[in-house]
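**Student:** below: sequence and its predicted model.
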Amino acid sequence: MSPLSAARAALRVYAVGAALVVAQLLRRCVRGFVEPVFSPQPERVAIVTGGTDGIGYSTAKQLAKLGMHVIIAGNNDSKAQDVVRRIKEDTLNDQVEFLYCDLASMRSIREFVQTFKMKKLPLHVLVNNAGVMMVPQRTTDDGFEEHFGVNYLGHFLLTNLLLDTLQESGAPGRSARVVTVSSATHYVGELNLDDLQSSTSYSAHAAYAQSKLALVLFTYHLQALLSARGVPVTASLADPGVVDTDLYRHVFWGTRLVKKLLGWWVFKTPDEGAWTSVYAAVTPALEGLGGRYLYNERETRSLEATYDPELQRQLWARSCQLTGITDVTRETFSE
Ligand SMILES: NC(=O)c1ccc[n+]([C@@H]2O[C@H](COP(=O)([O-])OP(=O)(O)OC[C@H]3O[C@@H](n4cnc5c(N)ncnc54)[C@H](O)[C@@H]3O)[C@@H](O)[C@H]2O)c1
């Protein structure tokens, strides 16, 4: 990518962020963000990736508060014990645990799934939340560009390896749900199928936006697969808005300064940011309905290109090759 294209990608990402911040500020001044209320979810089991921090922590806490058995899948070993203890104390729910899962390593993801399956638990909700943003150019254990590898491919593999358990755990009228956290930056993302790893040239902004765009395409194709199979599992997307978390540690210093000075006012709190994920995970209004892009607990349209089934199919096929799993959608859609 030329320096000019990289600058354009950065400007587009910042423009989306600025527009969202203004919209959030207006909303806070006019009617505020109102915490949604959900009914208890006893006997339900959820996995939340990246649940030790930020939006994932709030999501795990809110699901635990509803009585769910919550498994935090994370790579932040050092925080895990303290986080689990805090959530247990806050929610009076003892069924909260941490299992190590480094999404930057396919081996770690497979080990996580194996450990989880050995527990013989059902799985009703999988929240694909973990992410990195605008990190310097570096690769995962398997040699994938980090945004693409952690944000997208890691969750692609994790979801595929857990699909059988989700399928067994869902029931007609009470589907299991896959909730994947995307971002408004997907609206300015471009999928470069010829260079998904950004290896010929690198822009952290373009790579982050591409990973979030890939998650949207993946979710729609997953939903098409689930619908074609007629199984009681749905897949939707949650867009949290602009949220005051540590995700911004690698952004331009000016943005970090604005966040430090005004974040408390113009950004959502992590709890507010988690509401759309929790809504997607438990609201009865979405029973049996997948393939939705949700923002502020409402359905909205994602980027037009994300509805292109051919683009979804191409990305899915390539992702299967990269992660070494069988492309089950090929036989499903050729029948
Ligand atoms: N904060 C925002 O404004 C915002 C906006 C849109 C979308 N999002 C999305 O929300 C999600 C959560 O972000 P956040 O704001 O809470 O950020 P955060 O930095 O507070 O939390 C990210 C979490 O992901 C985990 N993670 C990172 N790399 C991992 C890996 N290799 N394996 C396993 N876990 C890993 C971290 O340990 C951490 O728990 C991300 O997907 C992000 O893209 C955030």
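**Tutor:** Noted; the coordinates are in hand. All figures in this text were calculated on a predicted structure; none of them were measured in a lab.
**Student:** give the burial count for R301, as a bare number.
**Tutor:** 10 (other CB atoms under 10 Å). C-beta: built from backbone N, CA, C; applies to glycine.
**Student:** ok, it - contacts?
**Tutor:** Y293 (CB atoms under 8 Å, 6 or more residues apart in numbering).
**Student:** and with 10 Å instead?
**Tutor:** Y187, Y293, Y295, Y307 (CB atoms under 10 Å, 6 or more residues apart in numbering).
**Student:** and for H186?
**Tutor:** 16, 208-217, 237, 239, 293, 302-303, 305-306.
**Student:** from G56, how far out is it?
**Tutor:** Remark: distance between H186 and G56 (CB to CB, to the nearest Å) = 19 Å.
**Student:** so L315 is in contact with T219, correct?
**Tutor:** No - assessed by CB atoms under 10 Å, L315 is found out of contact with T219, at 11.1 Å.
**Student:** can I assume E97 sits in a helix?
**Tutor:** No - looking at E97 with DSSP: H, G, I helix; E, B strand; the rest coil, it is strand, so not inside a helix.
**Student:** can you tell me the closest non-neighbouring residue to it?
**Tutor:** In this structure, E97 finds its nearest non-sequential neighbour in I71, 5.5 Å apart by CB to CB, 6 or more residues apart in numbering.
**Student:** C-terminal to the helix or strand hosting the one you found, what's the next element?
**Tutor:** Of the helices and strands defined by DSSP states H and E, I71 is found in strand 69-74. From strand 69-74 onward toward the C-terminus, using DSSP H and E, the following helix or strand is helix 77-91.
**Student:** buried ones in that following helix?
**Tutor:** Counting neighbours by 16 or more other CB atoms under 10 Å, one finds that the buried residues in helix 77-91 are A80, V83, V84, I87, K88, T91.
**Student:** that older thread, state the distance from the residue nearest to E97 to F116.
**Tutor:** Applying CB to CB to I71 and F116 gives a distance of 7 Å.
**Student:** out of those two, which sits in the more crowded spot?
**Tutor:** Ranked by neighbour count (other CB under 10 Å), I71 and F116 place I71 first, with 26 against 21.
**Student:** was I right about the more buried one contacting V113?
**Tutor:** No - here I71 does not reach V113: they are 11.4 Å apart, not a contact under CB under 10 Å.
**Student:** give the residues shared as contacts by these two.
**Tutor:** I47, L99, C101.
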